[in-house]
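Novice: Fold the stuff below for me.
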Amino acid sequence: MPTPHNSANPGDFAKTVLMPGDPLRAKFIADTFLDDAKLVNNVRGIHGYTGTYKGVPVSVMASGMGMPSIGIYSYELYDQYGVENIIRIGSAGAISAKLKLRDVVAAQGACTNSNFAHQYGLPGAFAPIADYTLLETAVAAAREIGVEMPVGNLLSSDTFYDASQSSMKWAEMGVLAVEMEAAALYMNAAKLGKRALAICSISDSMVTGEELDAAERQTSFTTMMKIALETAVKMSEK
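Specialist: Residues are numbered from 1 along each chain as shown. As a prediction, the model looks like this:
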């Protein structure tokens, strides 16, 4: 049944959903890459589409910004709509000097300053990690299209404008980049027995001060999109 945040009907979503933060990026992917794409949700302007890519059903739906937002949308997709795989395709800010603008990174783990895990009542700190099958499949897909995709820890932060300015401290522990959603997605997947992966394009660098503008973020991350789509195809064969 539809939810307060999603007007789609049962069966409207494919088993694999690509999840950018930006609704306009979701529309761009549907218009550019999917055949016979159908709008299945637009509650609050959160575009959700289902079509096919290389004959395989694939959906794409925005998550909005931040862990509370992706926490709602990913939970409902997993729990209410039978989605098995969610691949977050978003932007991230590099805190590693090894990364440059438009590089694509995969989050093997997602460090976080969020209290999202408090709801589980765990007697310690939960370590949010990607599903290995999705991660392995995405790395293979990237290599097949000629992309060496760095894999490592990202930081999922609750704050974009961080008064403590502490993001670079995480770089001392080998964290590659900062984004705002992966940890909550990984926790939802773990709780519900589903698969999740975040792959992100570097939109700015806290090391060099370089950054892309909003239009470039919306439409220029096609390498990341292709990796996710090829991963969806490969997952349909497993």
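Novice: all helices of this protein, in order?
Specialist: Taking DSSP state H as the criterion, the chain carries its helices at 23-33, 67-81, 132-144, 167-171, 182-192, 214-219, 222-236.
Novice: buried residues in the second one?
Specialist: So that's helix 67-81. 67, 69-78, 80-81 (16 or more other CB atoms under 10 Å). Where C-beta positions appear, they are placed from N, C-alpha and C, glycine not excepted.
Novice: Could you do the fourth one as well?
Specialist: Along helix 167-171, the positions that meet the burial threshold by neighbour count (16+ other CB under 10 Å) are 167, 170, 171.
Novice: with those residues in mind, which one is nearest to residue 188?
Specialist: residue 170 (22.5 Å; CB to CB).
Novice: Once you drop chain neighbours, what's closest to the residue nearest the centre of the chain?
Specialist: Nearest to the geometric centre of the chain sits residue 88, at 1.3 Å (CA atoms, centre = their mean). With CB to CB, 6 or more residues apart in numbering as the criterion, residue 88 has its nearest non-adjacent residue at 4.0 Å, and that residue is residue 198.
Novice: follow-up on the earlier one: among the buried residues of helix 67-81, which one lies nearest to residue 9?
Specialist: residue 81 (9.1 Å).
Novice: from what I can see residue 147 touches residue 227, true?
Specialist: Yes. At 6.7 Å, residue 147 counts as touching residue 227 under the criterion of CB atoms under 8 Å.
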